[in-house]
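In: Structure for the following, please:
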Amino acid sequence: MDDYVVDILRGKLIIEIQTKNFSAIRKKLEALIENHKVRLAYPLTERKWITNFTKENVIMSKRRSPKKGKLADLFRELVMIAHIVGDANFL
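Out: Below you'll find the model as predicted:
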């Protein structure tokens with residue numbers, strides 16, 4: 001769409017999934033919302049696993065990470081795109 005690769009196109013709605021910081025996708029969102037409806041999904045991790053592999057790709061160890069996603073993480077990211085949050089095409 002408009003020279004960008006989008007994650008999901010559902011009818012006329014573009015759905016972007018961002019697991020890292022929003023500043024990395026800011027310019028893309030700014031361009032897409034000019035002509036399209038865009039929804040941004042930011043999955044929060046409930047459970048994360050840390051897995052160590054050998055050079056032969058065999059699991060050496062696996063443990064549960066103490067880090068969990070929090071709703072506050074989302075708000076910290078929204079600061080990066082605050083100027084587009086109120087746009088009618090940003091859902």
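
In: quick one: which helix or strand includes the closest residue to Glu30 other than its chain neighbours?
Out: Distances taken as C-beta to C-beta, 6 or more residues apart in numbering place Ile84 nearest to Glu30, at 6.2 Å, with adjacent residues excluded. Heads up, the C-betas are built off the backbone N, CA and C, glycines and all. Assigned by DSSP states H and E, Ile84 belongs to helix 82-85.

In: which residues does Met80 contact?
Out: By C-beta atoms under 8 Å, 6 or more residues apart in numbering, the residues touching Met80 are Asn21, Phe22, Ser23, Arg26.

In: Output the lowest mean pLDDT helix or strand found in this structure.
Out: In the chain, no helix or strand scores lower on mean pLDDT, DSSP states H and E than helix 71-78, which sits at a mean of 87.

In: ok, the residue nearest to Glu30 - contacts?
Out: Residues near Ile84 by C-beta under 8 Å, 6+ apart: Leu29, Glu30, Ile33, Phe90.

In: my guess is the first one contacts His83, does it?
Out: In other words, Leu29. No - Leu29 lies out of contact with His83 (C-beta atoms under 8 Å); the separation is 10.2 Å.

In: neighbour-wise, which of these two wins?
Out: Taking neighbours as other C-beta atoms under 10 Å, Leu29 and His83 compare with Leu29 leading, 21 against 9.

In: Nothing else from me, thank you.
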